[in-house]
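Student: sequence unavailable; structure follows:
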């Protein structure tokens with residue numbers, strides 16, 4: 001598993017080196033000012049390595065709708081870091097359970113609104129980039 005992949009070229013290198021998965025992550029955007037977001041680079045990465053290695057994504061996922069968007073952009077799975085840590089510090093196990101229940105409800109609502117019935121088949125056309 002390799003974390004911090006932010007380009008298709010890096011993803012291909014990871015796959016060729018034998019990585020079983022990658023985490024598309026800009027480390028919370030704190031690395032360089034103005035760095036691209038994970039949603040910006042995810043479609044190109046997915047086009048390059050989808051099906052060859054598992055694609056995880058983190059960064060900026062705060063709502064269930066964000067989870068659905070990342071799956072539509074090509075992620076196989078979404079990681080929830082900072083929100084879970086904040087929930088754990090603020091509310092312990094109950095806080096984390098509340099967060100996960102909330103994310104699940106929001107994700108299910110987003111799936112219903114967009115007509116997505118199965119998380120393993122989230123169509124890219126539910127996300128549109130606005131100029």
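Tutor: Arrived safely, thanks for sending. Bear in mind the structure is a predicted one, so any value in this text is a computation, not a measurement.

Student: what strand or helix carries residue 120?
Tutor: For residue 120, there is no helix or strand it lies in under DSSP states H and E.

Student: please apply the same query to residue 15.
Tutor: Under the criterion of DSSP H and E, residue 15 resides in helix 8-16.

Student: and that helix, what does it pack onto?
Tutor: strand 2-5, strand 21-24, helix 38-49 (3 or more CB pairs under 8 Å, 6 or more residues apart in numbering; DSSP states H and E). All C-beta spots, glycine's among them, are computed from the backbone N, C-alpha and C.

Student: can you name every helix or strand that the helix or strand just after the last one contacts?
Tutor: To tie it back to what came earlier, the one meant is helix 38-49. Using DSSP H and E, the next helix or strand after helix 38-49 towards the C-terminus is strand 54-57. Packed against strand 54-57 by the contact rule (3+ CB pairs under 8 Å, 6+ apart) you find strand 21-24, helix 38-49, strand 77-78.

Student: and the ones you listed as JSON lines, adding distance to residue 112 and mean neighbour count?
Tutor: Formatted as JSON lines, the helices and strands packed on strand 54-57 follow (distance: least, CB to CB, whole Å; neighbours: other CB atoms under 10 Å):
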{"stretch": "strand 21-24", "distance to residue 112": "27", "mean neighbour count": "22"}
{"stretch": "helix 38-49", "distance to residue 112": "22", "mean neighbour count": "20"}
{"stretch": "strand 77-78", "distance to residue 112": "18", "mean neighbour count": "17"}
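
Student: redo these as a markdown table? Include distance to residue 115.
Tutor: Listed next are these as a markdown table, based on distance: least, CB to CB, whole Å:
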| stretch | distance to residue 115 |
| --- | --- |
| strand 21-24 | 26 |
| helix 38-49 | 21 |
| strand 77-78 | 20 |
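
Student: in CSV, list those along with mean pLDDT.
Tutor: Shown next, in CSV, are these (pLDDT from 0 to 100):
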stretch, mean pLDDT
strand 21-24, 98
helix 38-49, 96
strand 77-78, 97
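
Student: out of the ones you listed, flag the one nearest residue 124.
Tutor: helix 38-49 (7.5 Å; CB to CB).
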